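**Student:** show me how the following folds:
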Amino acid sequence: MKIKNVILLSIFACSIAYINCGCATNYDQSNTTQVGRYLTVKNTAKQSQLNLLSQTVQVHFPQDVQTVGEAMNYLLKFSGYTLVEGNQMNPALKITLSKPLPVVDREFGPVSLKDGLLVLAGSAFYLAQDPINRTVDCRLKSAFTKSYSSKSNKNSVYFKG
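**Tutor:** Coordinates of the predicted model:
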């Protein structure tokens with residue numbers, strides 16, 4: 001009986017030593033930090049920190065936000081990005097930004113910041129970013145560019161397609 005207890009005790013001790021040496025883990029512990037007795041976290045940046053436009057937002061615009069442009073600026077306020085300057089902005093985007101914010105868009109999310117900006121801009125635009133200056137611009141899609149001309153009536157853009 002004593003031999004059986006000694007064998008079990010030695011197996012138990014070897015198991016503890018195996019676990020404590022880190023041999024039982026399948027991941028690289030050099031890139032983790034222990035934050036609790038049984039909890040570790042990876043020492044890496046979040047995806048939303050690496051790509052600022054991928055951060056998740058949920059918004060209910062205040063009553064003083066009345067136009068699409070004000071809503072886009074509100075959405076970008078804490079993101080690290082701004083809209084491009086007015087002199088670099090597409091004339092069609094200027095028209096869209098001056099339009100009233102639709103009631104259905106006063107509250108949305110959770111969505112990525114990029115998707116939120118695209119919802120506000122509308123289906124005629126795609127998002128272009130300058131990661132160096134941290135600016136975003138909404139450019140007219142080619143299907144709409146063909147029908148939009150600076151010589152034609154700037155108050156109407158028709159989609160042919």
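**Student:** flag every buried residue along stretch 86-93.
**Tutor:** Neighbour-count burial for stretch 86-93 flags Met89, Asn90, Ala92, Leu93 (criterion: 16 or more other Cβ atoms under 10 Å). Every residue, glycine included, has its C-beta placed from N, CA and C.
**Student:** farthest-apart pair in those, please.
**Tutor:** For the buried residues of stretch 86-93, the maximum inter-member distance is 9.2 Å, found between Met89 and Ala92 (Cβ to Cβ).
**Student:** please enumerate the helices of this structure.
**Tutor:** Taking DSSP state H, the helices of the chain run over residues 2-20, 47-50, 68-76, 91-98, 113-121, 142-145.
**Student:** okay, buried residues for stretch 54-69 please.
**Tutor:** Gln55, Val57, Val59, Phe61, Val65, Val68, Gly69.
**Student:** what's in contact with that stretch?
**Tutor:** Applying Cβ atoms under 8 Å, 6 or more residues apart in numbering, the contact partners of stretch 54-69 are 47-48, 70-71, 74-75, 79, 83, 96-101, 105-114, 116, 120-121.
**Student:** pLDDT value on the most centrally placed residue in the chain, please?
**Tutor:** When Cα atoms, centre = their mean is applied to the chain, the residue found nearest the centroid is Ser54 (1.7 Å). For Ser54, the pLDDT comes out at 84.
**Student:** same question, Leu127
**Tutor:** 94.
**Student:** list the residues that contact it.
**Tutor:** Taking Cβ under 8 Å, 6+ apart, one finds Leu53, Lys114, Leu117, Leu118, Ala121, Val136, Asp137, Cys138, Arg139 in contact with Leu127.
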